[in-house]
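Engineer: coordinates for the following, if possible.
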Amino acid sequence: MNFSAANTIWVLLGAALVFFMQAGFAMVETGFTRAKNAGNIIMKNLMDFSIGTPVFWIIGFGLMFGGGGKLIGSVNGLATEANYGMAMLPEGVPFYAYLIFQTVFCATAATIVSGAMAERTKFISYCIYSFCISLFVYPISGHWIWSSDGWLNIMGFHDFAGSTAVHMVGGVAAFVGALILGPRIGKYGKNGKVNAIQGHSLTLGALGVFILWFCWFGFNGASTVSMGDDQAILSASKIFVTTNLSAAVATCTVMLLTWFRYKKPDVSMTLNGSLAGLVAITAGCDTVSPISAAIIGLLSGFIVVFGIEFIDKKLKIDDPVGAVGVHGLNGLFGTIAVGLFSDGAGTELKGLFTGGGFKLLGIQGLGAVAVIAWVAVTMTIVFKVIDATIGLRVSKEEEILGLDSTEHNLASSYADFLQVPVTYNPDAKVPAPASSKASVDASVPVQVVSSNDGVASDVKLSKVTIICKQNKFDDLKEALNDIGVMGITVTQVLGCGVQKGAAKYYRGVQVDVVVLPKVQVDVIVSKVPVREVIETAKKALYTGNIGDGKIFVYNVENVVKVRTGEEGFDALQG
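Structural biologist: Here you go, the predicted model:
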């Protein structure tokens, strides 16, 4: 055996990076969905890899790389060198290095579907789907493309790292699954109106995108499966550049496009844009120039924005994370882009725009259609059978409560994570009020809620509830302390007033009710006059802008100190 240390390390490093993409997908999908389903999303991503690994080892690898036919490989037993030999291996790479490299690619295709079917799929049903796609759906179409015996490979079809074999397979499966599953409760109104269901953490989503972008250098770069000669080193270096260029240009394109369409740059859609550029360049990263890579990134940005909008608004297919637009549509575009921009490196044919005519474009188109048909038919059968037997979707009650509690007995994925008021710099400058100031009474309205019930002592007790902006909390606290109000209860809340204000958009859909973070301060007063507390609060909170806050005043029937049993006014003292 004559193994190459450089080639082997390169393949193993690529496998590790592609494996870490599972973390990226988990973060993106968790962040773009609601907190009540976070644990469920993470479990599905974990099980995609954990189920796919033994399944691909036992059967999938043979179907994909076993010799014997143009349509399907032969399963000779477990994936070992003794059963499959060395013929399909890259030069200087051990069998097991190549096995783990192909295993992590299989898991990537499987996990794409999780996001599109998020928040309403039974966990057991999802596990069965994951088993099926790793067992035969991905391996058979992968055989066509990447096996030396595959019919598309023989024709000259070029998919260097998986725009078709991985991403389009996952994207089409996601489309079929989301279509059969149906939308989340509340996504579409009876009149066809599209409602925005916002994800709970764009921070997690952004972390996931950065992880995926980083790992994509292994996904594309290590697909050379060689670093043993000058040509391989040059190829890998070029792949890093084209991969990065496409992603960066796509990100800028989506940012500018959403800024123009929605009046503000959309964060979640721009994150999708980064992934769209990565998916689109994956097929041709080795065979297009940097200029062509930038053009591919530019076009992929438009495709992901208008594609997601079309799927969401016109087709009424609920895809919470944009998996179909990112992986399905841009996987297809990346496949076709090879036939447009290929400069002949890595393939015998050039693209349409580089002097090669229509031949390569026709081959790429045929391959894309064949894979779409294969995945659409097989996954429709898989999902329909699951739905007809054990059921694909959770009940209405389970969906409303959240899959963390109903599927995994989790009170919350964020249990014991208590929010506390944000500490603000008292020296920080507060933004200037709007030019057209409202009056103090209009900016900080007061509502008195009276009661005729008696009180427990001769001293009247009142509860004052103040809702204010977070950045005014310190000012309010100091002002209340100055007038002798020492005991307060503070809660972070979300809310909105009756004023709608400017239209806001999430992933191209107008958000009807925008709840903003506020601070709720509750004070029980006895000695200090209620009117003094009200006027002090109004003075501390007033800026003249809509949303300065509201004050509610209640009569308190009684207060009981648990430790001493004292009631009324006495219970509030020392």
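
Engineer: just the helices in the stretch 101-250 of the chain please.
Structural biologist: 123-132, 138-146, 151-155, 169-181, 202-221, 230-262 (DSSP state H, counting those that start in this stretch).

Engineer: nearest to Asp474, of the ones you listed?
Structural biologist: Across the helices of the stretch 101-250 of the chain, Asp474 has its closest neighbour in helix 202-221 (24.2 Å, Cβ to Cβ). Just so you know, the C-beta spots here come from the backbone N, C-alpha and C atoms, and that holds for glycine as well.

Engineer: quick revisit: can you add distance to Ala337 and mean pLDDT and give the helices of the stretch 101-250 of the chain back as JSON lines?
Structural biologist: Output for the helices of the stretch 101-250 of the chain, formatted as JSON lines (distance: least, Cβ to Cβ, whole Å; pLDDT from 0 to 100):
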{"stretch": "helix 123-132", "distance to Ala337": "29", "mean pLDDT": "98"}
{"stretch": "helix 138-146", "distance to Ala337": "16", "mean pLDDT": "97"}
{"stretch": "helix 151-155", "distance to Ala337": "17", "mean pLDDT": "96"}
{"stretch": "helix 169-181", "distance to Ala337": "15", "mean pLDDT": "98"}
{"stretch": "helix 202-221", "distance to Ala337": "14", "mean pLDDT": "97"}
{"stretch": "helix 230-262", "distance to Ala337": "10", "mean pLDDT": "96"}
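
Engineer: can you list these in JSON lines and add mean neighbour count and distance to Ala87?
Structural biologist: Putting the helices of the stretch 101-250 of the chain into JSON lines (neighbours: other Cβ atoms under 10 Å; distance: least, Cβ to Cβ, whole Å) gives the following:
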{"stretch": "helix 123-132", "mean neighbour count": "19", "distance to Ala87": "28"}
{"stretch": "helix 138-146", "mean neighbour count": "26", "distance to Ala87": "14"}
{"stretch": "helix 151-155", "mean neighbour count": "17", "distance to Ala87": "14"}
{"stretch": "helix 169-181", "mean neighbour count": "26", "distance to Ala87": "25"}
{"stretch": "helix 202-221", "mean neighbour count": "20", "distance to Ala87": "25"}
{"stretch": "helix 230-262", "mean neighbour count": "19", "distance to Ala87": "20"}
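
Engineer: dump the ones you listed to CSV, plus distance to Gly31.
Structural biologist: Formatted as CSV, the helices of the stretch 101-250 of the chain follow (distance: least, Cβ to Cβ, whole Å):
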stretch, distance to Gly31
helix 123-132, 19
helix 138-146, 26
helix 151-155, 36
helix 169-181, 17
helix 202-221, 3
helix 230-262, 17
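
Engineer: wasn't Ala537 part of a helix?
Structural biologist: Yes - Ala537: assigned to a helix according to DSSP: H, G, I helix; E, B strand; the rest coil.

Engineer: please name the nearest non-neighbouring residue to it.
Structural biologist: Computed as Cβ to Cβ, 6 or more residues apart in numbering, the closest residue to Ala537 that is not its neighbour in sequence is Ile466, at 5.3 Å.

Engineer: partners of the helix or strand hosting that neighbour, with directions?
Structural biologist: Taking DSSP states H and E as the criterion, Ile466 maps to strand 462-469. Its sheet considered, strand 462-469 pairs with strand 516-525 (antiparallel), strand 549-555 (antiparallel) by DSSP bridges.
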